[in-house]
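Visitor: sequence unknown, structure follows:
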């Protein structure tokens, strides 16, 4: 977990998994053998065949209530996993690139952008 940001640990690890890290205020104990796996995505600044990791987003507007998670409707993608994972093996990088493009297109069709960076709000940091 040394490579994960404090924000990621505070927003994802501690509340979702109820597993504290050194700076967490959680009181759930972690055993000495506790381990985590952290997957890194492809950065927008260094894409792989035009693909990069992203999250759906939209510009902030005062009084906005946000947006629903966009539903991706493709036979190759399961849209009913709440927080689970499913391995989706693809035969080659060209097919993956095509699939990535379809996902990105469906996100944009919902009038959302492909977010690649976000700053933590002041309310959620020590600052």
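Guide: Alright, I've got the coordinates. None of these values were measured; they are calculated from a predicted model.

Visitor: Assign a three-state SS to residue 7, would you?
Guide: Three-state call for residue 7 (DSSP: H, G, I helix; E, B strand; the rest coil): helix.

Visitor: Which residue, other than its chain neighbours, is closest to it?
Guide: Residue nearest to residue 7 in three dimensions, not counting chain neighbours: residue 120, with 4.9 Å by Cβ to Cβ, 6 or more residues apart in numbering. All C-beta atoms are positioned from the backbone trio N, CA, C, and that covers glycine.

Visitor: burial count for the one you found?
Guide: 15 (other Cβ atoms under 10 Å).

Visitor: next one: residue 73
Guide: Residues near residue 73, counting by other Cβ under 10 Å, number 9.

Visitor: hmm, back to that, just checking, the residue nearest to residue 7 touches residue 6?
Guide: No: judged on Cβ atoms under 8 Å, residue 120 makes no contact with residue 6 at a distance of 9.1 Å.

Visitor: mind listing the helices in the chain by residue range?
Guide: With DSSP state H applied, the chain shows helices at 6-8, 14-17, 93-109, listed in chain order.

Visitor: Would you single out the least confident of the ones you listed?
Guide: Lowest mean pLDDT of the helices of the chain: helix 14-17, a mean of 68.

Visitor: Helix or strand with the lowest mean pLDDT in this protein?
Guide: Within the chain, no helix or strand scores below helix 14-17, which has a mean of 68 by mean pLDDT, DSSP states H and E.

Visitor: any idea how far residue 72 is from residue 62?
Guide: Here residue 72 is placed at a distance of 29 Å from residue 62 (Cβ to Cβ, to the nearest Å).

Visitor: Tell me which of those two has more neighbours.
Guide: Comparing residue 72 with residue 62 by other Cβ under 10 Å, the one with more neighbours is residue 72, at 17 against 4.

Visitor: out of everything not next to it in sequence, what's closest to residue 118?
Guide: residue 57 (7.2 Å).

Visitor: for the one you found, what are its contacts?
Guide: Counting by Cβ atoms under 8 Å, 6 or more residues apart in numbering, residue 57 touches 112, 113, 114, 115, 118.
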